[in-house]
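>>> just a sequence and a predicted model for now, questions to come.
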Amino acid sequence: MVAKANGMKASRESSPDDTWLAFFDAGLKTLETLEEYLACGEQSKRAQDHGCFAHIALDAKKFLRDLHKARAFLRIAKPRMKDSRFLDVGCGVGMKVQLASHVFSSAHGLEFDKGYFDVARRLRDTTLSYGVDYFHGDALKFDGFSAYNVIYLYRPMKDIEKQMELEDRIVVQAQKDAVIIAHLCGFDRICRRKRDPEEIGLHRLFDTIYVKTSQRRLEKIQEQMAAQTGNLSTVWW
């Protein structure tokens, strides 16, 4: 009877974790629904003509996991860094920027579509979000990528040539040890370029996460990350 009671107690003690995870998932789903509502307006004709994709819905859980991995890398690569800066290229209505502002010191979004940009700015002004800002402009002419530790993009351009031009521009400007989180992009073609192990270049860290560093430095950081997590491919949370 005692063993049975202890078993029931252990079961009850584990249930709060399951409850917390359920609330966490529900919260993320609510954010995704809110984003869909905010982005319900049509893409502008100017953005369509420029070759931009319309707003792409957020996978909040995947996005937060990517941010956590990026932060884990930066904590090893730049242990003395006090201010971490995030940029979403083609941020749409800015929901990912809002989430990133809770992970990094500041989070900014760059958006070509004026309608999406206006929604993002209204959201920021309404919520009084600290460290959040948005820029209206063309990423193909943007010269500020070097100011950010983490750069995120989810295939902003439909046109392959323009997308490749944007990727090259980001890699050239990105600072040493910058993290690039990229979905449905072509950064692998840049990673395949042959270079000396000590030369700074773009390397893949995880499936959709790249870092601008040397091959030799990356290997050392990967060893440290593996030692901390027990498995380099571990998905936190």
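Right, received. Where do you want to start?

>>> count the residues that sit near residue 42.
Residue 42: 10 surrounding residues under other C-beta atoms under 10 Å. Where C-beta positions appear, they are placed from N, C-alpha and C, glycine not excepted.

>>> which of the three states applies to it?
Using DSSP: H, G, I helix; E, B strand; the rest coil, the secondary structure recorded for residue 42 is coil.

>>> return the per-residue confidence for it.
Looking at residue 42, its pLDDT reads 82.

>>> enumerate every residue touching the residue nearest the centre of the chain.
Among the residues of the chain, residue 152 comes closest to the average C-alpha position under C-alpha atoms, centre = their mean, at 4.5 Å. Residues near residue 152 by C-beta atoms under 8 Å, 6 or more residues apart in numbering: 66, 86, 87, 88, 89, 96, 100, 180, 181, 182.

>>> again, 7 Å this time
86, 87, 88, 89, 96, 181 (C-beta atoms under 7 Å, 6 or more residues apart in numbering).

>>> closest to residue 203 out of the residues you listed?
Distance to residue 203 across the contacts of residue 152 (C-beta to C-beta) is lowest for residue 181, with 13.8 Å.

>>> just give me the neighbour total for that closest one.
24.

>>> now residue 130. Nearest residue, chain neighbours left out?
Setting aside the residues directly before and after it, residue 130 is nearest to residue 101 in space (C-beta to C-beta, 6 or more residues apart in numbering), at 6.9 Å.

>>> that neighbour touches residue 129, doesn't it?
Yes - contact criterion C-beta atoms under 7 Å: residue 101 and residue 129 qualify, at 5.8 Å.

>>> more neighbours: these two, which one.
Using other C-beta under 10 Å, the more surrounded residue of residue 101 and residue 129 is residue 101, with 21 against 16.

>>> secondary structure class of residue 205, three-state.
From three-state DSSP, the assignment for residue 205 is strand.

>>> my guess is it contacts residue 211. True?
Yes - Residue 205 lies in contact with residue 211 (C-beta under 7 Å); the separation is 5.0 Å.

>>> the more surrounded of those two?
residue 211 (24 against 21).

>>> quick one: name whatever helix or strand follows the helix or strand where that one lies.
Assigned by DSSP states H and E, residue 211 falls within strand 209-213. Next along the chain after strand 209-213, taking DSSP H and E as the criterion, comes helix 215-229.

>>> what do residue 205 and residue 211 both touch?
By C-beta under 7 Å, 6+ apart, the residues touching both residue 205 and residue 211 are residue 73.
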